[in-house]
Structures are given as C-alpha cells and as structure tokens.
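Engineer: make a model of this:
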Amino acid sequence: SSNKILFLGIAYARGNEFLRSSQQDDISGHRLYGGIVIWQEGDAVEILKNRLHTKHYGDDFHNYTMIWQRDKLTLLVDDEIYGEIYDGLPFFNEKCFIIFGVTVGGFLNFDDSILLDDVKPYKNKQPRAAVSFWENRDTWVSTWTNNSAMIVDFVRVYAD
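Structural biologist: So this is what the prediction gives:
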C-alpha cells in the first residue's frame, strides 16, 4: 500500500491583508494559490501556481475551477486560467481529497522559512505551537473581524 496522500487545492488565499514574505513578496489575500500537495513520509511536496490580484480574494465571491485531465491540471478563477500543472501527474492514481477550510496558521501556509521572525507567535517545530498561538492572541486577534469566514455558495464535481 502507498504512504502518499494527495491533496488537490482548487484555490486558497491567506486572509491577511498586508502579509509579506521575508523577501518582501506579497503573500497576502491578494495572491491566489492552487495546485497539488503530496504528503509522503511526513514531508510535503507542493506543486503550486499563483496569481496576484489588486483586490483581496476574500472581498467578493469568485468562481474557482480545476480541470483535471490525463496530461495536465488547469486552474481558473472567474473563467481565467491562472495556472497549468504538468508535474506530479503520476500521483493521480492515488487516493485524492478535495478540502474546504480556513486556516489561521499552519506549517505549509505560514512556513517559518518564508516569513519574517515577528509575523507569527510560534515556530513550526515548536512542540506546543497551538498553545503559543493562543497565548499570544493579543498580537493577532484585532485582525479578525465578523467577516473572517469562508462562505461557499455551491460545489460541482463532474466526471467524463
């Protein structure tokens, strides 16, 4: 049996309005990501495409589409292609998950290697990272509003 787990990310964006990487790249909610994450033996391999937009992706409804073909994966937002993936396709015969979620941290979305030291109140390898995150809530709670939510209007899955 295989020890690989495949996640297909149709789309995700961080909720932060002004988040920058340690190289000062915009990795806020203005940047949309999608693609493949392969978990194997405790490590993640990400094959992602992204698109930077002038507006925050959380400010309005969008139509996110993934077209899964034998030789490529096509990612679209509002009927515009923002990425095509040709790598990682041999993993498509593995069990696959489609996930909906809102993250407030995490090892992939907020990796220590891409963030400045003062951006989050924990380190990924810290044994009690979630506790540290909660104990330092005064540093981030003001960024959450009543609009901090994911709203899904509908989901369609087709197969040919």
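
Engineer: what does the helix or strand containing I47 contact?
Structural biologist: Using DSSP states H and E, I47 sits within strand 43-52. Residues outside strand 43-52 that contact it (C-beta atoms under 8 Å, 6 or more residues apart in numbering) are 9, 26, 30-38, 75, 77, 82-85, 87-88, 107-108. Every residue, glycine included, has its C-beta placed from N, CA and C.

Engineer: and the very next helix or strand once past it, what's buried?
Structural biologist: For strand 43-52, the following helix or strand on the C-terminal side (DSSP H and E) is strand 64-68. Of all the residues in strand 64-68, those buried under the rule 16 or more other C-beta atoms under 10 Å are Y64, T65, M66, W68.

Engineer: stretch 38-56 too?
Structural biologist: Under the neighbour-count criterion of 16+ other C-beta under 10 Å, stretch 38-56 has I38, I47, K49, N50, R51, H53, H56 buried.

Engineer: any chance of these in JSON lines, plus distance to V157 and pLDDT?
Structural biologist: What follows is those, written out as JSON lines (distance: C-beta to C-beta, whole Å; pLDDT from 0 to 100):
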{"residue": "I38", "distance to V157": "21", "pLDDT": "80"}
{"residue": "I47", "distance to V157": "21", "pLDDT": "86"}
{"residue": "K49", "distance to V157": "21", "pLDDT": "93"}
{"residue": "N50", "distance to V157": "23", "pLDDT": "94"}
{"residue": "R51", "distance to V157": "23", "pLDDT": "95"}
{"residue": "H53", "distance to V157": "25", "pLDDT": "94"}
{"residue": "H56", "distance to V157": "27", "pLDDT": "89"}
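
Engineer: ok, of these, which one's closest to R14?
Structural biologist: H56 (9.8 Å; C-beta to C-beta).

Engineer: most widely separated two among the buried residues of strand 64-68?
Structural biologist: For the buried residues of strand 64-68, the farthest-apart pair by C-beta to C-beta is Y64 and W68; their separation is 13.4 Å.

Engineer: any idea which helix or strand comes after the helix or strand bottoming out on mean pLDDT in the chain?
Structural biologist: None of the helices or strands of the chain scores lower by mean pLDDT, DSSP states H and E than strand 96-98, at a mean of 70. As assigned by DSSP H and E, the chain's next helix or strand after strand 96-98 is helix 129-135.
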